[in-house]
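In: the following block contains a protein sequence and its predicted model.
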Amino acid sequence: MSKRYPKTLSAGANNTVIALSETEAGKLFIEDTRSDIGSEAEKMKFANTINGLVVKFIRLDLMPDDTEVLVMERLFPLDFRAFEYEKRQLIFEVFENELRQLHAQGFVHRDIRRPSDMPGFSFDNIFLTPSGIRLIDVGISALRSQVGDKLFNKFVEQELQELSAFETFFLNR
Ligand SMILES: Nc1ncnc2c1ncn2[C@@H]1O[C@H](COP(=O)(O)OP(=O)(O)O)[C@@H](O)[C@H]1O
Ligand SMILES: [Mg+2]
């Protein structure tokens, strides 16, 4: 029988994500990629201090082969279609409030909708879970304190447009 963990969850363009256990997922950071484990961890931790929307950071660690890994809470998404329209409206409302709260506190996710010219599911960083919508992947997220007001406000404006596209998708599919 094959060993239970770690097991690959996703082998994406940038990072591989593995299941470390029933409760922990790990994003592997191979050296020489453009993504930076330290800043991704800091952004995740900052969002976690504001509310529960972004997946919870657990720790930074090394795999047995010395690969750097960002360990986070493992999420188990549900299918949107299993929920009544009215329930989805309520779930969306909570999501919108939490996203706006992140913006108000200086965090913008920036990746809730994949650009339409990129292959794959448009909203793959949005997970519907038993406790509502959660966001993963803060790889390109920005903090107001780092990028300044001008860029931050522009990113928020873009995010609200992406949110509106998600609303249409989530409620009408
Ligand atoms: N916390 C998690 N729980 C379960 N699966 C996850 C988690 N984080 C990432 N994944 C899986 O790994 C994929 C890629 O993760 P993501 O952080 O979006 O990396 P990338 O930067 O490659 O887009 C996700 O689409 C999902 O399938
Ligand atoms: Mg992603």
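Out: Happy to help now that I have it. Numbering: from 1, shown residues only. Ligands and ions are numbered 1, 2, ... in the order given.
In: what does the chain put close to ligand 1?
Out: If contacts are counted using CB under 6 Å from any ligand atom, the residues of the chain sitting beside ligand 1 are 9-10, 12, 14-15, 17, 25, 27, 55, 72-75, 124-125, 136-137, 139. Heads up, the C-betas are built off the backbone N, CA and C, glycines and all.
In: give me the buried entries from these.
Out: Burial of those was assessed by neighbour count (16 or more other CB atoms under 10 Å); the buried members are 15, 17, 25, 27, 55, 72, 74-75, 124-125, 136-137, 139.
In: run through who's touching the helix or strand bottoming out on mean pLDDT in the chain.
Out: Among the helical and strand segments of the chain, the one scoring lowest on mean pLDDT, DSSP states H and E is strand 7-11, with a mean of 91. Contacts of strand 7-11 with the rest of the structure, by CB atoms under 8 Å, 6 or more residues apart in numbering, involve 16-19, 25.
In: any idea how far that strand is from the chain center?
Out: Centre-to-centre, strand 7-11 and its host chain are 16 Å apart (CA atoms, centre = their mean, to the nearest Å).
In: ditto for stretch 15-29
Out: Put simply, stretch 15-29 sits 13 Å off its chain's centre (CA atoms, centre = their mean).
In: go through that stretch and flag the buried ones.
Out: Residues 15-20, 24-29 are the ones in stretch 15-29 that count as buried (16+ other CB under 10 Å).
In: ok, the most centrally placed residue in the chain - contacts?
Out: In the chain, the centroid-proximal residue (CA atoms, centre = their mean) is residue 136; its distance is 1.4 Å. Residues in contact with residue 136 (CB under 8 Å, 6+ apart) are 54-55, 72, 75, 125, 127.
In: can you give me the pLDDT of it?
Out: Looking at residue 136, its pLDDT reads 97.
In: tell me if whichever helix or strand comes after the least confident helix or strand of the chain is near ligand 2.
Out: Next along the chain after strand 7-11, taking DSSP states H and E as the criterion, comes strand 16-19. No: applying CB under 5 Å from the ion, one finds strand 16-19 out of contact with ligand 2, separated by at least 8.8 Å.
In: other SSEs contacting strand 16-19?
Out: Other helices and strands packing on strand 16-19, by 3 or more CB pairs under 8 Å, 6 or more residues apart in numbering; DSSP states H and E, are strand 7-11, strand 24-29.
In: let's have the ones you listed in a markdown table, adding distance to residue 94.
Out: Putting the helices and strands packed on strand 16-19 into a markdown table (distance: least, CB to CB, whole Å) gives the following:
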| stretch | distance to residue 94 |
| --- | --- |
| strand 7-11 | 26 |
| strand 24-29 | 23 |
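In: alright, that wraps it up for me.
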